[in-house]
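**Q** need a structure here:
(2 chains)
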Amino acid sequence: AQKVTQAQTEISVVEKEDVTLDCVYETRDTTYYLFWYKQPPSGELVFLIRRNSFDEQNEISGRYSWNFQKSTSSFNFTITASQVVDSAVYFCALSATGNTGKLIFGQGTTLQVKP
Amino acid sequence: DVKVTQSSRYLVKRTGEKVFLECVQDMDHENMFWYRQDPGLGLRLIYFSYDVKMKEKGDIPEGYSVSREKKERFSLILESASTNQTSMYLCASSFLASGFTDTQYFGPGTRLTVL
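**A** Alright, predicted model coming up:
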């Protein structure tokens, strides 16, 4: 069965701290895709990144970085020098088997960045 | 930029009413999806469609139906609204890609309250 686990329900940090959001997934597929989305208080899910299972290179985009490790089935997301605007719910997702276009979402991690 | 719009941001209906939630995308995407989001439960897929007039049940289709008469529009219908359908409803769309799972892009969401 496929599953995405975001064990951290809520995280609270003070501005400028670094924070890592954990994502662990389960799949028997050899080819799959992993995603991160951000949901600010306005409600709309904003796409952040997509990685395929053959590309284990870490990705950095400004203050955001992602660490993909197939050996531990993890795709963790780090925000460096967090800002209040980073406060949101963050979702990790996995492509469903069969290339249907469906995604399997984790429960989400609520990040609160305090000034 | 991909644009997914939903007909209402907030909606209040009474128990037993028939409710229509509309979603429109402007990127010529084949796939469209309806999710509901509830605290502690993450995103749950209600229905999806990979082509005009085609629909597939998601994880929680009971009490809902859908309509896709045109490629750009995907409607979610609550035949007889009940209080347990009070939720945030999110629409998404993506390309039906051959060999990989494309990114889903989300609308702003409709917060439905059934009294």
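**Q** Next up, the contacts around the residue of chain B found nearest chain A.
**A** Here chain B gets closest to chain A at one residue, B:Thr101, 3.6 Å apart by Cβ to the nearest Cβ. (Each C-beta comes from the backbone N, C-alpha and C, glycine too.) If you count contacts by Cβ atoms under 8 Å, 6 or more residues apart in numbering or on different chains, B:Thr101 has them with A:32-33, A:95-96, A:99, A:101-103, B:94.
**Q** In strands, which of the residues you listed appear?
**A** Among the contacts of B:Thr101, DSSP state E puts A:33, A:95, A:103, B:94 in strands.
**Q** Closest to A:Thr5 out of these?
**A** Of all the ones in strands among the contacts of B:Thr101, A:Leu103 has the smallest distance to A:Thr5: 14.8 Å, by Cβ to Cβ.
**Q** Excluding sequence neighbours, find me the nearest residue to the closest one.
**A** Counting by Cβ to Cβ, 6 or more residues apart in numbering or on different chains, A:Ala93 is the residue found nearest to A:Leu103 once chain neighbours are left out, at 4.3 Å.
**Q** Which strand residues bridge the one you found?
**A** Judged by DSSP bridges, the bridge partners of A:Ala93 are A:Phe35, A:Phe105.
**Q** residues near it, how many?
**A** Around A:Ala93 there are 27 other residues, counting by other Cβ atoms under 10 Å in any protein chain shown.
**Q** How about the contacts made by it?
**A** Neighbouring residues of A:Ala93 by Cβ under 8 Å, 6+ apart: A:4, A:34-37, A:103-106.
**Q** can I assume A:Glu26 is in contact with A:Tyr32?
**A** No - with contacts counted by Cβ atoms under 8 Å, A:Glu26 stays clear of A:Tyr32, the gap being 10.5 Å.
**Q** So what's the gap between the least confident helix or strand in chain A by mean pLDDT and the chain middle?
**A** Lowest by mean pLDDT, DSSP states H and E among the helices and strands of chain A is strand A:59-61, with a mean of 88. Relative to the centre of its chain, strand A:59-61 is centred 13 Å away, using Cα atoms, centre = their mean, to the nearest Å.
**Q** List of residues touching stretch B:28-46?
**A** Residues contacting stretch B:28-46 (Cβ under 8 Å, 6+ apart): A:91, A:101-102, A:105-108, B:21, B:23, B:25, B:47-51, B:58-61, B:64, B:66, B:68, B:71-72, B:74, B:76, B:87-96, B:102, B:104-105, B:109.
**Q** List buried residues within those.
**A** Taking 16 or more other Cβ atoms under 10 Å in any protein chain shown as the criterion, what is buried in these is A:91, A:101-102, A:105-108, B:21, B:23, B:25, B:47-50, B:58, B:64, B:66, B:68, B:72, B:74, B:76, B:87-95, B:102, B:104-105, B:109.
**Q** Strands - which of those residues land there?
**A** Using DSSP E, those in strands are A:91, A:105, B:21, B:23, B:25, B:47-49, B:64, B:66, B:68, B:74, B:76, B:87-94, B:105.
**Q** how about the residues of chain A that lie near chain B?
**A** Within chain A, the positions near chain B by Cβ under 8 Å from any Cβ of the partner chain are A:31-33, A:35, A:37, A:42-47, A:50, A:52, A:91, A:95-96, A:99-103, A:105-108.
**Q** Run through the bridge partners of the spatially most central residue of chain B.
**A** Centroid-nearest residue in chain B: B:Trp34, 2.5 Å away (criterion: Cα atoms, centre = their mean). Beta bridges link B:Trp34 to B:Tyr47, B:Cys91, judged by DSSP bridges.
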